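Undergrad: Whatever this is, show me its structure:
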Amino acid sequence: MARPARRAAASVLELARRTPETRRRDLDLLRAAAVGAVVLGHWILMTVERGPGGELVGHTALPALTWAHPLTWLFQVMPVFFLVGGAANAISWTRRRDRGGTAALWLLDRSARLLPPLTAFLVVVAAGTLAARWAGIAPEAVGRATALVTLPLWFLVVYLAVTALTPVTYRLHERYGLAAPALLVAGVAAGDLLRFTTGQELTGAGSFALGWLAVHQAGFAWRDGTLPRGPGQAAALLVGGVLGLVLLTGPGPYPVSMVTVPGAAMQNPSPPTLALLTLAAAQLGLAALLSGAVRSGLRRPRPWAVVVAVNTVTLTVYLWHLVAALLGAFALDALGLLPPADPRTAAWWLGRVGWVAALAVVLSVLVAAFGPLEARVTTRRARQGRDRTGDVAGTPRGAARLARTGPVAAGYAAVVVGVLWLTAFGQGLEGSHALPASGLALALAGAAVLRLGRRAAAR
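TA: Below you'll find the model as predicted:
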């Protein structure tokens, strides 16, 4: 164990030393901090207790902690992911495009970081549900566990979709500037108005697409300095965003909580509301105000090495943190150490310390097992150059076709639709997997097409 740990540390230090001076290091810190906030927020609010039938049941403590709903403004960091993703995708895409690269090859390169960890996660979860059913565990219990561990997939559905659209949406940004996100925000506001006046809402993926595309487009503007233009506008975004949130959730009709509260009549993130986009504006203003100081601080070797280390496994941490919660709950229950379940008591809050510590131990084991898959990709791409896929002119014709626009688009579409299928229907029971086998097969097939495309392009 010591030798692999030393090799991993050496790889991180090498990555840190090879970082070009032009890199937006503040984006890396924001990504790492956002993952940490998601994990910590989920773990703190999760309560596990015995159900009426003696089974373990988990639920969020938010319905009982109404006083804590304003604190979700700090822990709702999904807008940060899309702001950072928009800025990072803009940097990567324009660099590839300016060097004569194609959208298909750029998308293949982006898939190299996202899809291998996702594929491993899907295969392990499917195998785990199948093994649990073979072991005679009740289908309802398998379904609840599957619903929990697949919860993080919804973010990847949306993020993969907006990433795949980047070559098109960035062209809209170059042509229309801030008018593009403004139109998307207007669409979100119209959807909210429809919901308030008729009880209806925009349907399906479109209701999510408008909001998250707007934040992603704002990331484009942040990258090129269009928004905000200097510290004054950044401060205005921060102050205006916070005041807007107070008005929208105080006298306004929006709920205070920026994360999902079971049983609430309206949810700000499902789909994104105007209130959530106001939070995104405040987060953009704060990030822009601090970016200069953050970049300066991250030029120091040690802090930057820590950020690099976390960023080599961010997706792994995100995907597996609820698996860690599931395994940790079983382990603590078996040891008789499950913390109190009533969030209205002091004992519940004291129990959070041991609970979070135990889950952190379990997650560290999972990251040690599955993190190298993501870390190897990150290290290899850094050593060979971020845009490592090349020209397909010298590739055999059959293989080269997989690196063309049609197969790449089809591969991304299959992954997005397949994972969407899993998030939408995976909470029910289907066959022996407690997962929609068709959705799983579609996602894995799309990932395989993109993997073959990357191999073809690399040759």
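
Undergrad: Quick one: list the elements packing against the helix or strand where residue 418 lies.
TA: Per DSSP states H and E, residue 418 falls inside helix 405-425. For helix 405-425, the packing partners by 3 or more Cβ pairs under 8 Å, 6 or more residues apart in numbering; DSSP states H and E come out as helix 103-134, helix 153-164, helix 437-458. C-beta coordinates here come from the backbone N, C-alpha and C atoms, glycine included.

Undergrad: Could you give the average pLDDT over the first one?
TA: Read that as helix 103-134. Mean pLDDT, helix 103-134: 93.

Undergrad: I'd like to know how many residues surround residue 279.
TA: Residue 279 is flanked by 29 other residues according to other Cβ atoms under 10 Å.

Undergrad: Residue 185 against residue 274, yeah?
TA: Yes: judged on Cβ atoms under 8 Å, residue 185 makes contact with residue 274 at a distance of 7.4 Å.

Undergrad: one step back: the helix holding residue 418 vs helix 437-458, what angle?
TA: Interaxial angle, helix 405-425 versus helix 437-458 (axes from the mean of the first three to the mean of the last three Cα atoms, to 10 degrees): 150 degrees.

Undergrad: got the contact list for helix 405-425?
TA: By Cβ atoms under 8 Å, 6 or more residues apart in numbering, the surrounding residues in contact with helix 405-425 are 102-104, 107-108, 111, 115, 118, 122, 150-151, 153-154, 156-157, 160-161, 164, 205, 401-402, 435-436, 438-447, 449-450, 453.

Undergrad: Ok, stretch 240-254 next?
TA: By Cβ under 8 Å, 6+ apart, the surrounding residues in contact with stretch 240-254 are 73, 196, 255-256, 266, 268, 273-275, 278-285.

Undergrad: can you do 6 Å?
TA: 196, 256, 273, 275, 278-279, 281-282 (Cβ atoms under 6 Å, 6 or more residues apart in numbering).

Undergrad: Filter those residues down to the ones in helices?
TA: Using DSSP state H, the members of these that fall within helices are 196, 275, 278-279, 281-282.

Undergrad: just to revisit the earlier point, got the helices and strands packed on helix 405-425 as CSV, with distance to residue 324 and mean neighbour count columns?
TA: Shown next, in CSV, are the helices and strands packed on helix 405-425 (distance: least, Cβ to Cβ, whole Å; neighbours: other Cβ atoms under 10 Å):
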stretch, distance to residue 324, mean neighbour count
helix 103-134, 12, 20
helix 153-164, 16, 21
helix 437-458, 22, 20
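
Undergrad: is it true that residue 286 touches residue 239?
TA: No: the pair residue 286 / residue 239 is not scored as a contact, 10.1 Å apart, by Cβ atoms under 6 Å.

Undergrad: Comparing the two, which shows the higher neighbour count?
TA: Between residue 286 and residue 239, counted using other Cβ under 10 Å, the more crowded position is residue 286 (17 against 12).

Undergrad: Name the SS class of the residue lying closest to that one once chain neighbours are set aside, please.
TA: Residue nearest to residue 286 in three dimensions, not counting chain neighbours: residue 238, with 5.1 Å by Cβ to Cβ, 6 or more residues apart in numbering. State at residue 238, reduced to three classes by DSSP: H, G, I helix; E, B strand; the rest coil: helix.

Undergrad: re earlier: just the buried residues of the ones in helices among the contacts of stretch 240-254.
TA: Among the ones in helices among the contacts of stretch 240-254, those scoring as buried are 275, 278-279, 281-282 (criterion: 16 or more other Cβ atoms under 10 Å).

Undergrad: among the helices and strands of the protein, which has the poorest mean pLDDT?
TA: helix 397-400 (a mean of 51; mean pLDDT, DSSP states H and E).
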